[in-house]
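> structure, please.
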Amino acid sequence: MAVSPALIGLRRADVLRVVFLFVVQPLPATVLAGDDPLRTAPLRPPSASSPWESRTPAPPCVTDPAPADPLSLAAAIDLALCRHPKTRESWSAAKVAAAQLGVSRAATLPTVTGTLGAQASETRNALNAGRRDQANGTLSFNYLLLDGGGRDAAIEQSRQALLAADWSHNVAIQTVILEAGQAFFQLFAAEEAVTAARAAESFASQSLEAARARQKAGTATRADVLQSQTAHSQAILTRTQSEGDAAVARGILATALGLPAPTPLRLAPPRDLDPTAPAETAVAGLVQTALEARPELRAADANLAAARAAVTVEQSAGKPTVSLFANASAAAVSPGADPRSGAVGVTVTIPVFLGYQTTYRVLSARENAERTSAVRERLRNDISLEVWRAFQDMRSQAQALLTANDLVTSATESYEVALGRYRAGVGTVIDLLTAQTALVQAGFQKIQARLRWNVSRVALARAIGALEPALFSDTAPAGPTPRAPR
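I've put the predicted structure just below:
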């Protein structure tokens, strides 16, 4: 007996009839409604730059946007949210979780399967010798009616996993905002340090000129000029190092915004807030706010609910199931009759013994739920401590900034007095250079105090879960930078 590899001699009408019966007939409209017939997309974040459940959706991202010139803090945050891979990664994870929810929901629908087959055979040296051509098709229907609650639990598990992914996307957004904000403040402080270093170089130049003038007048020695020259060279070195630090900070900010490190950036000054230390009694309310708003904790709640639903899923594996089935088949045979058949019935599956697999899977799921609950409680404690630390740090930095402002004021006045006394031939070069050094140090300390104050404010907002782009929507010129007195 030999079987032909090709379909030879089949009646075209018979083949077309079978294909039409099982393939060409239209499918239900819900199946062809689109890529998301079970409507899971509304349960995920609308875009990579939009937080979950936000009442103010983020503006659409522009492909390859150019940074604004000058770049404000709010524009930097928007750019980072659109371009940073971290937000796109978490957004993709949420979309995957939404698709998995669709898979779980699809288990509640019946399944319809069509099978087509065709063959041509030839038999020789037998009673029924000859060629036989056949095309057949089968349509099967299966619908799970009862499964011990497994499908509902699986849907709830997938829904909670999606919520956890959504809140994790919020975590990624706040992380990107925190990193971009810190990098922005760091670069602004570095550029302020360059300005202060240039002012210090100007101070040193004035001191050197005064020393040289007094030497020509015969009221100062060569030692005064050399000491002033040393201070001037040190100021040039400090300015050069500050310019290098600013270049590095510019590359760090560009990377935080998803841009190449060499991208040129010119910053708009962030607004200065009144560094008033918050009252100690406010921390309790901030901790409570954090426990209600932190997306990490909301994600942990969803993970715990998913873990508890997983217990029901595993328990249902050991329970009976009831399914409705139906099938119909048709064939076109040449030569011969064209058989038709069909069946409908109910299938009851009763697990009798599965080798204790279900027992230990349920046990594993329960222990995993206990572990997830412990993780959630640990996270609550960590969040409380984080808020406490951020609150105390902001209080300290607020007081430090107020003190730094007073320090710059007194150091500026002291330097002006010392410079006037030295020019008048009353003061010494030691007094002048000491006042000059104190003024320069005060300027740098104020810059660092302002940086730490701004970073501490952002860190506290992150700790209580309120770090959103809207916090950076307003900008105003920063305070004045030290200038060399005339």
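
> would you mind measuring from residue 377 to residue 180?
Computed as Cβ to Cβ, to the nearest Å, the residue 377 to residue 180 distance reads 31 Å. For glycine as for every other residue, the C-beta is placed from the backbone atoms N, C-alpha and C.

> again with residue 240
Note on residue 240: its distance to residue 180, by Cβ to Cβ, is 28 Å.

> ok, residue 470 next?
Per Cβ to Cβ, residue 470 is found 15 Å from residue 180.

> what's near enough to touch the one residue sitting closest to the centre of the chain?
Nearest residue to the geometric centre of the chain (Cα atoms, centre = their mean): residue 172, 2.1 Å. Applying Cβ atoms under 8 Å, 6 or more residues apart in numbering to residue 172 gives the contacts 86-87, 89-90.

> quick one: the strands in the stretch 1-150 of the chain, in order.
In chain order, the stretch 1-150 of the chain shows strands spanning 2-4, 111-123, 130-146, with DSSP state E, counting those that start in this stretch as the criterion.

> most tightly surrounded among the ones you listed?
Ranked by mean neighbour count under mean count of other Cβ atoms under 10 Å, the strands of the stretch 1-150 of the chain are led by strand 130-146, which reaches a mean of 17.

> which is the next helix or strand following that one?
Helices and strands here follow DSSP states H and E; after strand 130-146, the next one along the chain is helix 150-217.

> show the average pLDDT along that next one.
The average pLDDT for helix 150-217 rounds to 94.

> also stretch 298-311?
96.

> can you list contacts of it?
The set of residues external to stretch 298-311 that reach it, using Cβ under 8 Å, 6+ apart, is 153-154, 156-158, 160-161, 163-165, 167-168, 170-171, 362, 365-366, 368-369, 372-373, 375-376, 379.

> just the buried subset of those, please.
Judged by neighbour count, with 16 or more other Cβ atoms under 10 Å as the criterion, the buried members of these are 153-154, 156-158, 160-161, 163-165, 167-168, 170-171, 362, 365-366, 369, 372, 376, 379.

> ok, residue 377 and residue 180, which is more surrounded?
When residue 377 and residue 180 are compared on other Cβ atoms under 10 Å, the one with more neighbours turns out to be residue 180, at 25 against 12.

> tell me who's in contact with that one.
Residue 180 makes contacts with 76-77, 79-80, 84, 253, 256-257, as judged by Cβ under 8 Å, 6+ apart.

> distance check, the nearest residue to it once chain neighbours are set aside against residue 176.
Residue nearest to residue 180 in three dimensions, not counting chain neighbours: residue 80, with 3.9 Å by Cβ to Cβ, 6 or more residues apart in numbering. Between residue 80 and residue 176 the distance, using Cβ to Cβ, works out to 5 Å.

> now do the shared contacts for those two.
When contacts are counted by Cβ under 8 Å, 6+ apart, the set common to residue 80 and residue 176 consists of residue 256.

> buried ones in the helix or strand hosting residue 242?
The secondary structure element spanning residue 242 is helix 222-256 (assigned by DSSP H and E). When neighbours are counted by 16+ other Cβ under 10 Å, the buried residues of helix 222-256 are found to be 224-225, 227-228, 231-232, 235, 238-239, 242, 245-246, 249-254, 256.

> next: stretch 403-417.
404, 407-408, 411-412, 414-415.

> what average pLDDT does that stretch get?
Computed over stretch 403-417, the mean pLDDT rounds to 94.

> for it, the distance to its chain's centre please.
Put simply, stretch 403-417 sits 44 Å off its chain's centre (Cα atoms, centre = their mean, to the nearest Å).

> any residues touching that stretch, and which ones?
Here stretch 403-417 makes contact (Cβ under 8 Å, 6+ apart) with 203, 435-436, 438-439, 441-443, 445-446, 449-450, 482, 485.

> so among those residues, which ones count as buried?
For the contacts of stretch 403-417, burial is judged from neighbour counts taken by 16+ other Cβ under 10 Å, and it is met by 203, 435-436, 438-439, 442-443, 445-446, 449-450, 482.

> and the two most separated of the residues you listed?
The largest distance within the buried ones among the contacts of stretch 403-417, taken as Cβ to Cβ, falls between 435 and 450 and amounts to 22.7 Å.

> on that earlier part again, looking at the contacts of residue 180, which is nearest residue 51?
Here the nearest of these to residue 51, counting by Cβ to Cβ, is residue 77; it sits at 12.3 Å.

> appreciated, that's everything.
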